[in-house]
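Chemist: Build me a model:
(2 chains)
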Protein chains: 2
Amino acid sequence: MTAAPAGSPGSPVTSPVQLLERHRATLDHALEAIRSREYWSPHPEHPKAYGEGGSLSAGQGKEAFDALRGRRFEVEGQPGTDGWAATEASPYGIAMGIEYPHPDIYALLPAMRLAMPAWREAGPETRAAVCLEILARISARTHEFAHAVMHTSGQAFMMAFQAGGPHAQDRGMEAVAYAYVEQVRTPDTAEWSKPQGKRDPINLTKHFTAVGRGISLLVGCNTFPTWNGYPGFFASLATGNPVLVKPHPRAVLPLALTVRIAREVLREAGFDPNLVALAAEQEGEGIARELAMRSEIRLIDYTGSSAFGDWLEANAPQAQVFTEKSGVNTVVIDSTGDYQGMLGNLAFSLSLYSGQMCTTPQNLLLPRGGIETDEGDKSYDEVVDDLAAAVGKLLGDDARANALLGAIVNPQVGERIDAAGALGEVALPSRSVDNPDFPGATVRTPVIVKLDAAKPEAESGYMTECFGPVSFAVAVDSTEDAVTLLRRTIREKGAMTVAGYTTSPDVERLIENACLDECAQLSLNLTGGVYVNQTAAFSDFHGSGGNPAANAALCDGAFVANRFRTVEVRRPA
Amino acid sequence: MTAAPAGSPGSPVTSPVQLLERHRATLDHALEAIRSREYWSPHPEHPKAYGEGGSLSAGQGKEAFDALRGRRFEVEGQPGTDGWAATEASPYGIAMGIEYPHPDIYALLPAMRLAMPAWREAGPETRAAVCLEILARISARTHEFAHAVMHTSGQAFMMAFQAGGPHAQDRGMEAVAYAYVEQVRTPDTAEWSKPQGKRDPINLTKHFTAVGRGISLLVGCNTFPTWNGYPGFFASLATGNPVLVKPHPRAVLPLALTVRIAREVLREAGFDPNLVALAAEQEGEGIARELAMRSEIRLIDYTGSSAFGDWLEANAPQAQVFTEKSGVNTVVIDSTGDYQGMLGNLAFSLSLYSGQMCTTPQNLLLPRGGIETDEGDKSYDEVVDDLAAAVGKLLGDDARANALLGAIVNPQVGERIDAAGALGEVALPSRSVDNPDFPGATVRTPVIVKLDAAKPEAESGYMTECFGPVSFAVAVDSTEDAVTLLRRTIREKGAMTVAGYTTSPDVERLIENACLDECAQLSLNLTGGVYVNQTAAFSDFHGSGGNPAANAALCDGAFVANRFRTVEVRRPA
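Modeler: Purely as a prediction, here's the structure:
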């Protein structure tokens, strides 16, 4: 007998066993990385690393992206499509014109539920292998995803490539690794034998099965559709749950491509592709609200505004809800042994993607009496002026500015930039930058505003998240005063990141204790090529889950442990 | 120089290092047990195993218990006591008369918060060792706890001894093991070195610290104060959280003793004893409701009614809430190869502690056409009659009945027994049993009522939890019909346990799939000395956390993972 040829109808092109062989070593590397938290990534960061071994080259990626525009994006075999939605507008001004399927959830959700038992029976290892195959195919199309992310988020190409490609894929793989290890902590089978003194022992055979909770809803965001979407997507899928992907109406394509690839892999591996489905919506339709209250939805992953995140936490009691919301990120500047390094590092952090990151610093707390540096004492005004100059220098060249800033994602960000000047003295005004490649793009440099914490009216400025390239140089009485304000800011507003600059071990300890007490992730004395707004999968935690900015961290045991339950069946041995 | 003598003022009698040496091997055993889920326990089940090596003998335990009665129970050094509460009444009718401190929470909660930083700095291993020392001292006083549990819960002595002693201690230790392993999944320190091609790598040093969430509130229950209380108590304490213990007003003593021992160990080990505190309340005061909404309370463990459990889940959004509520436990009886074994096993399950266990079967689903057995076909009526006879025989001797049944915990249970007869035909009436040792005890045998699922009016009986020794023999059309009803019961009402009896692999699979789909723990064909209402720590999961009976299982990763968060501090290497 000969085996059926690969790809013949009904036979999986890629059997689970093949997938396990292909990906087991990668999974083991990932498991070791989350244990050691040393540097590791299987996904190259450099665009030139792609184009061979089945991956798309830069040109092929661009072609593939262009071929998607101006037409209907079919999701083969997805049941319950009752219309089409085209809601994207590239922040770079190019026409997208892509129509995505709008779901009839009364048809779609039951179809997704039906896919669960076979996915449960596949077990944690096969589920992990299928997830890693999905990631491998996404990785091969990183150049295509880069354009999709760029033209939905407004990120500059290189950032869209890296953050939307390998870094997002890393975060997805990290979630697969956590999900796997959590499920295999309990063995499939145990033989339990309890001694009974002189009598025979009692013997039971016990079987343990990880069972998914139900359909998982991913509510995507506009700025990082893949980076913020992949952890929840893969954590839920790897733990046995179907995933319904509801992208942000202005950032559908990266997640629609993800859905299509996932369904292709699932189908080939012999599983029901309806384990992953796309729910596009009309702008302003609010389908996430409707879905979140459905009894079939048992898990929700969300990145976006605190208003809707808080609503989800309060109004979807049938679901485990994982949220990343907004916060007010603080930098405490006490002193530095590398003044130029600090200024350069902060200037980059404030500029990257026009500050449109949940991790961008907003409040720079500076003692009004100035700080000690390796270049001598610097007054509050000097530090602010020098930082403004550093930002100005970094972005002085338009080409470089465009490559770093990307485009403003939506008009509200532009409005906040324009309104910032009214809050205080402007130390650095925002300027508009022309983008010769994309004349329709809105490109703005950061604005820095001086505020004084001693003035009560200043508080409404620095104690509110001002999403976008707006930061406040807040004068405080002392470093101790800064740390007190830091504590209050984390507790009341939340923080995805905290940074500190000091040469004093005592002050370091003061800032550290504040972050330990209030549960925020801290970067100290960054002066080189690592920035407070960047976290690396397998090593850094993104958010803490312990302050109001997010109720979960990417990625830890708590992010996966409650996405499945363990059912035990015991019987006499 | 000589070291200060042990026990001298200010020097810890039991240093963390000593505790680590003493308990590391036990912790390792526990870690291995939760991985293999094979039989293990460090806590002897037999009363005669105690009395040497510093543990109280039977007589000493009784004396210690009697010495507690009729007086004030001081909690040394606990701040913020604004009065005293004496609310216990032994179900066996003996006078308790113990007064416990009632807290001024405005003084107590801040004192508990202050204890957190040093406990955080102690680290996971020291916290585990301190918890295991607390458990060891509790274990040494198992005979004392047995009386305390007996005279608050109404359990018979042997059950109070085992379930309230070693089995509860096992569950506590299991939680310590899970908490420890969850915290040390992330290393204390990582050196992260990211290659930069031809340039020098970027090197960061990262420190990771498990930080508790805040004060943990334990809301104790009346029937299993230690068994249901210890998992949450130790899971929270081991993950860095102070624990405020709010016992059920009628089952204070077992948890008050626990608090006192925990404070003694904490003090000796050099920690602030206010990491554990007692909050006694007046009957009907509802202090748990007030505490649950306080911002300082970040974790809540609760066992009790669904009404208050649901309230907690909805009204304490600032806290992680772990609930074990009520459910309707089902037995599907399809066929058996050991008819007498099945009858004996079920009779015991229905009788143990007068059915006052959250795991006691309530609905026995029987095909109206009867079942096949090793003793030939048995009609529905025959099975019910034979089961009634088995219960009658098991409890025919009053001494044996008293030893198995214990006492009715409160008048509401008695009222439900009396009302059960109105729901259908009584197959086995309840009888009152005299207890010569405790004439004040209310002791009742189980009642079995016949209901027919084909009659709509029967549903209000079997689809409602009837806590206590009341079970329903529900006639159904077929085994398939039984499994359909089983699914609906789990989904709508929840279930802590499901049992099934069948000789058919197909029916086994049918019942298993129902339990996997609806997420309930299943015991198949139990005919010997293991009962569906019993679960063993380190091996069996108690509850699934995936149906309405409980939102958590004892004990798994999800039970501990969100009790702490990991804070990272990174700096250039």
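
Chemist: By residue count, what's the longest strand in chain A?
Modeler: Scanning chain A for the strand with the most residues, using DSSP state E, yields strand A:199-212.

Chemist: Okay, now the sheet partners of whichever helix or strand comes after that one, with direction.
Modeler: Next along the chain after strand A:199-212, taking DSSP states H and E as the criterion, comes strand A:215-219. Partners of strand A:215-219 in the sheet, by DSSP bridges, are strand A:243-246 (parallel), strand A:297-303 (parallel).

Chemist: Find the nearest non-adjacent residue to residue A:375, please.
Modeler: The shortest distance from residue A:375 to any non-neighbouring residue, by CB to CB, 6 or more residues apart in numbering or on different chains, is to residue A:339 (4.7 Å). (C-beta placed from N, C-alpha, C; glycine too.)

Chemist: Can the longest strand of chain A be said to contact chain B?
Modeler: Yes. Using CB under 8 Å from any CB of the partner chain, strand A:199-212 reaches chain B at A:202, A:204, A:206, A:208-209, A:211.

Chemist: Out of those, which end up buried?
Modeler: The neighbour count (16 or more other CB atoms under 10 Å in any protein chain shown) marks A:202, A:204, A:206, A:208-209, A:211 as buried among the residues of strand A:199-212 next to chain B.

Chemist: contacting residues around residue A:266?
Modeler: A:130, A:272-273, A:275-276 (CB atoms under 8 Å, 6 or more residues apart in numbering or on different chains).

Chemist: Can you give the distance of the helix or strand containing it from its chain's centre?
Modeler: Here residue A:266 sits within helix A:253-268, counting by DSSP H and E. Centre-to-centre, helix A:253-268 and its host chain are 19 Å apart (CA atoms, centre = their mean, to the nearest Å).

Chemist: again, but for stretch A:412-423
Modeler: In terms of CA atoms, centre = their mean, the centre of stretch A:412-423 is set 26 Å apart from its chain centre.

Chemist: Okay, buried residues for it please.
Modeler: Applying 16+ other CB under 10 Å to stretch A:412-423 flags A:413-414, A:416-417, A:420, A:423 as buried.

Chemist: try stretch A:284-295
Modeler: Judged by neighbour count (16+ other CB under 10 Å), stretch A:284-295 contains these buried residues: A:287-288, A:291-292, A:294.

Chemist: Using JSON lines, lay out those residues together with pLDDT and distance to chain B.
Modeler: Formatted as JSON lines, the buried residues of stretch A:284-295 follow (pLDDT from 0 to 100; distance: CB to the nearest CB, whole Å):
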{"residue": "A:287", "pLDDT": "96", "distance to chain B": "24"}
{"residue": "A:288", "pLDDT": "96", "distance to chain B": "19"}
{"residue": "A:291", "pLDDT": "97", "distance to chain B": "20"}
{"residue": "A:292", "pLDDT": "97", "distance to chain B": "16"}
{"residue": "A:294", "pLDDT": "97", "distance to chain B": "15"}
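
Chemist: Restricted to helices, list these.
Modeler: A:287-288, A:291-292 (DSSP state H).

Chemist: any idea how far residue B:403 is from the residue in chain A sticking out farthest from the centre?
Modeler: Ranked by distance from the centre of chain A (CA atoms, centre = their mean), the top residue is residue A:198, with 59.1 Å. According to CB to CB, to the nearest Å, residue A:198 and residue B:403 sit 21 Å apart.

Chemist: now swap in residue A:429 and tell me
Modeler: On the measure of CB to CB, residue A:429 and residue B:403 end up 85 Å apart.

Chemist: Equivalent analysis for residue A:321, please.
Modeler: Residue A:321 sits 48 Å away from residue B:403, going by CB to CB.

Chemist: Who has more neighbours out of those two?
Modeler: Neighbours around residue A:321 and residue B:403, counted as other CB atoms under 10 Å in any protein chain shown, are more numerous at residue A:321. The numbers are 23 against 13.

Chemist: Quick one: residues contacting that one.
Modeler: Contacts of residue A:321 by CB under 8 Å, 6+ apart are A:299-300, A:302, A:312-313, A:551.

Chemist: Go again with 6 Å.
Modeler: Going by CB atoms under 6 Å, 6 or more residues apart in numbering or on different chains, residue A:321 touches A:300, A:312-313.

Chemist: any low-confidence regions in the stretch 151-300 of chain A?
Modeler: Within the stretch 151-300 of chain A, no range satisfies pLDDT under 70.

Chemist: Show the contacting residues for the most centrally placed residue in chain A.
Modeler: Residue closest to the average C-alpha location in chain A (CA atoms, centre = their mean): residue A:228, at 2.1 Å. Neighbouring residues of residue A:228 by CB under 6 Å, 6+ apart: A:221, A:303.

Chemist: ok, it to residue A:549 distance?
Modeler: According to CB to CB, residue A:228 and residue A:549 sit 13 Å apart.

Chemist: Residues in a beta bridge with residue A:425, which ones?
Modeler: residue A:450.

Chemist: coming back round to it: so can I have TSV of the residues of strand A:199-212 next to chain B showing distance to residue B:566?
Modeler: Shown next, in TSV, are the residues of strand A:199-212 next to chain B (distance: CB to CB, whole Å):
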residue	distance to residue B:566
A:202	40
A:204	36
A:206	32
A:208	27
A:209	29
A:211	27
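
Chemist: Next, work out how far apart residue A:532 and chain B are.
Modeler: Per CB to the nearest CB, to the nearest Å, residue A:532 is found 9 Å from chain B.

Chemist: again, but for residue A:113
Modeler: 10 Å.
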